[in-house]
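Trainee: have a look; sequence and predicted model below, questions after that.
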Amino acid sequence: MSEDKSRIKVLDAKNIDDALLECKKFREGLKETQFQREQVDAQALVVPILLLDCIEDFMAFIRDEGVPYHKRENRTPRVIKHYERSLLYLCLALEHNNIDTKILLFTQLNENSVGYFEEYLVEVKGCRPKTFNNHMAEVKKFSKYIRQKYNIPGVDPFAEMKKKKLKKNSKSVSWEEFQKVLELTTPENSIFTESGGKVRSYYKPWLKTAFELGLYTGGRREEVVQMRWKDIKLTRSGDLSGIEVTHFKLTRAHKKSLAKDEVETKIVPMNEDLKELLLSLGYEKFKGSDRYILAPDERCTRNTMMDTITKTFNHYYRLIGTGLDKKFKDLRKTYITALYILRGDEVYKDTGHEGMNILKSNYIDDDVVLDAKREEFKKYGKIFKR
């Protein structure tokens, strides 16, 4: 409510009598709404009927258009694009089965529609289980949103879609493999052909350092490129104890409750490998400074650096010839597995996780742990008296 209870309106009247009448109605309307600038009562929802209209309605919600401030998710362009792609696949699946989506009603979606969608993902797009599950989850969210928003009765056919079982992939990069990657990180080995046929070199003199930081800290690529010398923490005696980094995953999850420039952080514990690397990079010279630890003079953006790290590590690993497809992010599994062998179930306290479930499901390489236990077992010698 305005303190002086005044509002301005441009009248449509052409003469004084009509103007006075219009002014009177305007004044009465202001009194009824208590001088609110916007009408408070919710307008009746116009229920979309066509499938394409429902998709447009849902995507507006995903983009936070018309969404109350406290319910906005601030999704990234990448996430929004994922939703767009999933709903496009739904339409293509229906059209693949001779259904005209331009005239299809949302309420005409049924069990057959679900079957067409699943078949399209598996048989036409060749989606692997994880990708299939992502598309399925996004279309299920779309159907649930429309039904709840407009109180559409009946059973949601997409609610019955089942996730594909994911095979555990916790294979880490062995120390021997990592050393071979470093050996292959040369300008001569950095020329390769992209998917579009373009031949180019992605070599950068700081790539080996990026890979080592990834292994010795277990950091995600965005953490590795953002580390600064001032973030290194010391013990009371002045020795290096860890590096404070932004916990990007947790920051995104808590973005609604954080202040505009506030972030969640975590401490990466110091180990001798990391300490030696930092000293070799000039810790004594740069300690306490705001300079990036990795390639402070690099002119390209940190986002471009992240893409380069991913592409080149994948490329160099393939050159080893193991026939496996290991990536830069798998160095995180190597780090956490090594830490788990030393720390046991307390390792989650060093990685910024809330417990061991996620680590055991996604990061700890069981084969490496088993090998370590076998070596430890050998130290006992004979365990049975003769």
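Mentor: Yes, it's here.
Trainee: strands of this structure, residue ranges please.
Mentor: Taking DSSP state E to define them, one finds strands in the chain at 191-193, 199-201, 232-234, 240-246, 265-269.
Trainee: quick one: closest of the ones you listed to P77.
Mentor: strand 240-246 (20.2 Å; Cβ to Cβ). Heads up, the C-betas are built off the backbone N, CA and C, glycines and all.
Trainee: returning to what we had before: nearest to T310, out of the strands of the chain?
Mentor: Closest approach to T310 among the strands of the chain is made by strand 191-193 (13.4 Å; Cβ to Cβ).
Trainee: list the buried residues in that closest one.
Mentor: Judged by neighbour count (16 or more other Cβ atoms under 10 Å), strand 191-193 contains these buried residues: F192.
Trainee: could you give the mean pLDDT of it?
Mentor: For strand 191-193, mean pLDDT rounds to 82.
Trainee: list the pairing partners of that strand within its sheet, with orientation.
Mentor: strand 199-201 (antiparallel) (DSSP bridges).
Trainee: how deep is the closest residue in space to T107 that isn't next to it in sequence tucked in, by neighbour count?
Mentor: Excluding its sequence neighbours, the residue lying closest to T107 (Cβ to Cβ, 6 or more residues apart in numbering) is I152, at 6.7 Å. I152: 14 surrounding residues under other Cβ atoms under 10 Å.
Trainee: swap in Y116?
Mentor: 20.
Trainee: with the one 4 residues further on instead?
Mentor: By other Cβ under 10 Å, 21 other residues sit near Y120.
Trainee: contacting residues for it?
Mentor: Y89, L92, A93, H96 (Cβ atoms under 8 Å, 6 or more residues apart in numbering).
Trainee: ok, now how distant is it from N112?
Mentor: According to Cβ to Cβ, to the nearest Å, Y120 stands 12 Å off from N112.
Trainee: and for K275?
Mentor: Taking Cβ to Cβ, one finds K275 at 62 Å from N112.
Trainee: what do you get for V199?
Mentor: In terms of Cβ to Cβ, V199 sits 47 Å off from N112.
Trainee: more neighbours: which of those two?
Mentor: N112 (13 against 8).
Trainee: show me where the stretch 251-386 of the chain has its helices.
Mentor: Here the stretch 251-386 of the chain has its helices, by DSSP state H, counting those that start in this stretch, at 272-280, 283-286, 302-320, 330-343, 348-351, 357-362, 366-378.
Trainee: show the contacting residues for T107.
Mentor: I49, I152, G154.
Trainee: so what's the last one closest to, chain neighbours aside?
Mentor: With Cβ to Cβ, 6+ apart as the measure, T107 is the residue that lies nearest to G154, at 7.6 Å, once sequence neighbours are left out.
Trainee: show the pLDDT at the one you found.
Mentor: 93.
Trainee: same question, R75
Mentor: 87.
Trainee: I'd guessed it sits against F61; true?
Mentor: No - R75 lies out of contact with F61 (Cβ atoms under 8 Å); the separation is 10.2 Å.
Trainee: between those two, who's got more neighbours?
Mentor: Taking neighbours as other Cβ under 10 Å, R75 and F61 compare with F61 leading, 19 against 15.
Trainee: tell me which of the contacts of Y120 is nearest to S289?
Mentor: Nearest to S289 among these, with distances taken as Cβ to Cβ, is Y89, at 48.9 Å.
Trainee: ok, back up a step: export the strands of the chain to TSV and tack on distance to D330?
Mentor: Output for the strands of the chain, formatted as TSV (distance: least, Cβ to Cβ, whole Å):
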stretch	distance to D330
strand 191-193	20
strand 199-201	24
strand 232-234	26
strand 240-246	19
strand 265-269	18
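Trainee: which one of these lies closest to G218?
Mentor: Per Cβ to Cβ, nearest to G218 of the strands of the chain: strand 265-269, 7.2 Å.
Trainee: let me know the pLDDT of G29.
Mentor: Looking at G29, its pLDDT reads 66.
Trainee: ok, P269 to I103 distance?
Mentor: 61 Å.
Trainee: between those two, who's got more neighbours?
Mentor: Between P269 and I103, counted using other Cβ under 10 Å, the more crowded position is P269 (16 against 10).
Trainee: hey, what's the more buried one bridged with?
Mentor: Counting by DSSP bridges, P269 is bridged to G242.
Trainee: of all the helices of the stretch 251-386 of the chain, which one is nearest G238?
Mentor: Taking the helices of the stretch 251-386 of the chain one by one with Cβ to Cβ, helix 283-286 is closest: 12.1 Å.
Trainee: contact partners for the nearest residue to K333 once chain neighbours are set aside?
Mentor: Counting by Cβ to Cβ, 6+ apart, K333 lies nearest to S172, which is 4.1 Å off, once chain neighbours are set aside. The contact partners of S172, by Cβ under 8 Å, 6+ apart, come to D330, L331, K333, T334, T337, D365, V368.
Trainee: show me which pair in these is furthest apart.
Mentor: It's L331 and V368 that sit farthest apart of the contacts of S172, by Cβ to Cβ, at 13.2 Å.
Trainee: neighbour-wise, which of those two wins?
Mentor: Set L331 next to V368 and count neighbours by other Cβ under 10 Å: L331 wins out with 27 against 19.
Trainee: any weak-confidence spans in this protein?
Mentor: For the chain, the stretches flagged by pLDDT under 70 are 1-47, 167-170, 250-251, 253-260, 348-350, 352-355, 358, 360, 372-386.
Trainee: spit out the contact partners of K333.
Mentor: S170, K171, S172, V173, N362, Y363, I364, D365.
Trainee: and it, how far from L339?
Mentor: Counting by Cβ to Cβ - K333 and L339 are separated by 11 Å.
Trainee: how about stretch 94-105: buried residues?
Mentor: So for stretch 94-105, counting by 16+ other Cβ under 10 Å, buried means L94, I99, L104.
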